[in-house]
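Trainee: Provided below for reference: sequence and predicted model.
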Amino acid sequence: MWRFDLSRRVAVVTGGNGGIGLAMAEGLADQGCVVSIWGRNAEKNAAAVARIQSRGGSAKAFRCDVSDRQQTERATRDTLDAFGRIDGCFANAGIGGSGRTAFVERTDEDWRQMFSVNLDGVFHALQPIVKHMIERAAGGDRFGRLVTTSSMAALFGTARNEHYAASKAALNSLTKSLAVEHARFGITANAVLPGWIDTDMSEELQANDKFMANAVPRIPVRRLGKPEDFAGIAIYLMSEASSYHTADCIVIDGGYSAF
Ligand code: NDP
C-alpha cells in the first residue's frame, strides 16, 4: 500500500474548484498530497479549499485563467513559493461549448475560445511546470506526473460540437507526445477520457429528456458518471504505482465506448 502514499507530493489541479477536478483534488488530498487549485472564480476556489481542509487535507487556491500564459506562469511561481515543489499537474480545466451549433454556423470566436482553454490552456499550464520538473531531474529528483482531462468525444467526434471533440483529440496527441519526450526525466503523461459525467458542464444535456432516454441505456453501468469516479484514477496516476504507465488514453465512461 505504500505505493499509494502521496504524503511527500504536491500536485496542481487546474479547474480544481468544481466537478471532476475537485473530486480529483479531494482524492489526492485524502492520500496526503498537498493540492494547489487553479481556477478563475475566487469564491469557488475558496469553497474548494475549505472542503478539502474540512477532510483534513492540505490545499491552497490561486486565481488563474489558463488561457492566459502570464497567469499560469504566475500561478506556477505562487505554488512553488507556497510549497517548494510541484510533482504533478492535472491539466483538467476545460469548457464544453454553449449550446449545439451546426458546423456551418460555427463562428471564429467560438472556435478560438474553445481551443484557447482546452488546448492552449493545457500548453500554458504544463510548460512552466515541466520546466521545473526537468530542472529537478537534473538535480537527481526524477519524478513528474502530467495528467490531462480529455474526453470520450475525442474518440468518436461529436455532431454540432466538433470544436470540442477536435480540441480533445489534439489534447490526446499532445499528452502522448509529452510522455515520449519526457520519459527520460521520470515524467509520465497520460490523458483521462471521461464519458458522460454529472457536473455543471453536462447540465444542459441532462435537462434534455430525449438525450437522457437514449444515452443512459447505452451505458453498460446504466448511469452517468459522478465526479467521485475520478478520484481513484487521480491517486493511481499521481503515485509511484503508475511509474511504468505512460502515453496512454484512459477511458472512464461506464463502458459506453465498448459499443
Ligand atoms: P465543470 O464545468 O464542473 O468544471 C470545469 C472547471 O474548469 C471549473 O473548475 C472551472 O473553474 C474550470 N475552468 C474553465 N475554464 C477555465 C479557465 N479558462 N481557466 C481556469 N479554469 C477554468 O466541468 P467538468 O468537471 O465536467 O469538466 C472538467 C474536465 O472534464 C473538462 O476538461 C471537460 O472537458 C472534461 N470532460 C467533462 C465531461 C462531462 O460530461 N462533464 C465529459 C468529458 C470530458 P472556474 O469556474 O473557476 O472557471
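Mentor: Structure's in. What do you need?

Trainee: can you give me the strands in the chain?
Mentor: Using DSSP state E, the strands of the chain run over 10-14, 34-39, 58-63, 88-91, 144-149, 187-194, 248-252.

Trainee: In CSV, list those along with mean neighbour count and mean pLDDT.
Mentor: No exception for glycine: its C-beta is placed from N, CA and C like everyone else's. Output for these, formatted as CSV (neighbours: other CB atoms under 10 Å; pLDDT from 0 to 100):
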stretch, mean neighbour count, mean pLDDT
strand 10-14, 27, 99
strand 34-39, 28, 98
strand 58-63, 19, 98
strand 88-91, 28, 99
strand 144-149, 25, 99
strand 187-194, 25, 98
strand 248-252, 18, 98
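
Trainee: In CSV: those strands, plus distance to Pro220.
Mentor: Shown next, in CSV, are the strands of the chain (distance: least, CB to CB, whole Å):
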stretch, distance to Pro220
strand 10-14, 29
strand 34-39, 32
strand 58-63, 35
strand 88-91, 27
strand 144-149, 22
strand 187-194, 15
strand 248-252, 12
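
Trainee: Residue ranges in this structure under the pLDDT threshold?
Mentor: Applying pLDDT under 70 to the chain flags residues 1-2.

Trainee: what's the neighbour count on Asn161?
Mentor: 18 (other CB atoms under 10 Å).

Trainee: What residues does the stretch 151-259 of the chain have near the ligand?
Mentor: Within the stretch 151-259 of the chain, the residues that sit near the ligand (CB under 6 Å from any ligand atom) are 151, 194, 196-197, 199-202.

Trainee: Just the buried residues of the residues you listed.
Mentor: Among these, those scoring as buried are 151, 194, 196-197, 199, 201-202 (criterion: 16 or more other CB atoms under 10 Å).

Trainee: Looking at the residues you listed, which one is closest to Leu174?
Mentor: When those are compared for distance to Leu174 (CB to CB), Ser151 wins out at 13.7 Å.

Trainee: wait, isn't that closest one in contact with Trp196?
Mentor: No. Between Ser151 and Trp196 there is no contact under CB atoms under 8 Å: 10.0 Å.

Trainee: List the residues that contact the nearest residue to His163 once chain neighbours are set aside.
Mentor: Distances taken as CB to CB, 6 or more residues apart in numbering place Met114 nearest to His163, at 4.3 Å, with adjacent residues excluded. Contact analysis of Met114 by CB atoms under 8 Å, 6 or more residues apart in numbering lists 95, 97, 163-164, 167.

Trainee: Looking at those residues, spot the one nearest the ligand.
Mentor: Checking the contacts of Met114 against the ligand with CB to the nearest ligand atom, the nearest one is Ile95 at 5.2 Å.

Trainee: what about the closest one, neighbour count?
Mentor: Counted by other CB under 10 Å, the residues lying close to Ile95 total 16.
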